[in-house]
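Trainee: When you get a sec, could you give me coordinates for this:
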Amino acid sequence: MATREGCYNRGMEMDEYQQLASKTALYTKQDAHYKLMYLGMGIAGETGEVVEKVKKIIRGAEVLISDEKREDLKKEIGDVLWYVSQLALQLGLSLEDIATHNIKKLADRAQRGVIHSEGDNR
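Mentor: All right, here's what the predicted structure looks like:
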């Protein structure tokens, strides 16, 4: 694994991100149920912040997103990624495995023509 400093100037593998992000995970309780609840609520909260910023862009009827708003969204999406990565880690899942599984699932749905359908198991 690369050092933290080295990863800032190059692309990063998802599992590398997950491991580096875990170094910043501080919990007030070490109980597994608490961590799952905390991380799940964190995902919801940060996702809400992304939605709020997008809502304000749409409300302003801007045709183009300014660099400032793009940077704000990047920060909030990064916060969502942090929580997702740590929830996955608590569940013993790697981000790379999750991403690979998701792409296979989407490709299968596309091949069967059910991308626009509803339901989890289509």
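Trainee: For residue 42, see how far away residue 15 is.
Mentor: Separation of residue 15 from residue 42 (Cβ to Cβ, to the nearest Å): 20 Å. C-beta here means a position set from N, CA and C on the backbone, and glycine is covered the same way.
Trainee: Please apply the same query to residue 55.
Mentor: Counting by Cβ to Cβ, the gap from residue 55 to residue 42 is 20 Å.
Trainee: For those two, indicate the residue with more neighbours.
Mentor: Shown here are residue 55 and residue 42; by other Cβ atoms under 10 Å, residue 42 has more neighbours (17 against 10).
Trainee: in what helix or strand does the more buried one lie?
Mentor: helix 32-59 (DSSP states H and E).
Trainee: So which bits of that helix are buried?
Mentor: Buried residues in helix 32-59, counted by 16 or more other Cβ atoms under 10 Å: 35, 38-39, 42-43, 46-47, 49-50, 53, 57.
Trainee: Turn those into CSV, including distance to residue 115 and pLDDT.
Mentor: Output for the buried residues of helix 32-59, formatted as CSV (distance: Cβ to Cβ, whole Å; pLDDT from 0 to 100):
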residue, distance to residue 115, pLDDT
35, 34, 97
38, 33, 97
39, 29, 98
42, 29, 98
43, 24, 98
46, 26, 98
47, 22, 98
49, 28, 97
50, 23, 97
53, 27, 93
57, 26, 87
